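Peer 1: please work out how this folds:
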Amino acid sequence: MKVEPSQNNRIVQKQAENTAAIERQQRAQANDRAERSTNRDQASLSESARLLAKARLSLQELPDMRTERVAALREQVQAGTYQVPVEKLASLFLKGLRS
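Peer 2: Numbers count the residues shown, from 1 in each chain. Predicted coordinates:
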């Protein structure tokens, strides 16, 4: 069988095209791997979330001034000796209605 030069050129050209296609595919796969390795999950907080976090932190740093008062009232309620200050409650209620 005689191989014509034009057939030989087509075979060489086809091999070159196949090699180029394989190289393109390998580069694409390498780029995909590189891209996946550099992608990281990210989270960002809105300005209002930052302010809320700052306010909570500031609130936690404040001393609890009424701890003793709350403890005393809790003891009175549990012992059944707590008396509701009716006049003070009514005064505060009326003051709230006027506002």
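
Peer 1: so residue 73 versus residue 93, what's the distance?
Peer 2: From residue 73 across to residue 93, the span is 19 Å (C-beta to C-beta, to the nearest Å). Yep, even glycine has a C-beta here, placed from its N, CA and C like the rest.

Peer 1: how far does the one helix or strand in the chain whose mean pLDDT sits lowest sit from its chain's centre?
Peer 2: The helix or strand of the chain with the poorest confidence is helix 5-38; it has a mean of 79 (mean pLDDT, DSSP states H and E). Here helix 5-38 is found 42 Å from its chain centre; the criterion is C-alpha atoms, centre = their mean, to the nearest Å.

Peer 1: contacting residues around the very next helix or strand once past that helix?
Peer 2: Downstream of helix 5-38, the next assigned helix or strand under DSSP states H and E is helix 47-61. Residues from elsewhere that reach helix 47-61, judged by C-beta atoms under 8 Å, 6 or more residues apart in numbering: residue 45.

Peer 1: break this protein into its domains for me.
Peer 2: Residue ranges for the domains of the chain, per automatic domain parsing: 1-37, 48-98.

Peer 1: mind putting the ones you listed in TSV, mean neighbour count included?
Peer 2: Below are the domains of the chain laid out as TSV (neighbours: other C-beta atoms under 10 Å):
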stretch	mean neighbour count
domain 1-37	9
domain 48-98	9
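
Peer 1: report the contact partners of residue 64.
Peer 2: Applying C-beta under 8 Å, 6+ apart, no residues contact residue 64.

Peer 1: and what about it, helix, strand or coil?
Peer 2: State at residue 64, reduced to three classes by DSSP: H, G, I helix; E, B strand; the rest coil: coil.

Peer 1: report pLDDT for it.
Peer 2: Note on residue 64: pLDDT of 70.

Peer 1: ok, now the one 5 residues further on?
Peer 2: As summarised for this prediction, residue 69 has a pLDDT of 87.
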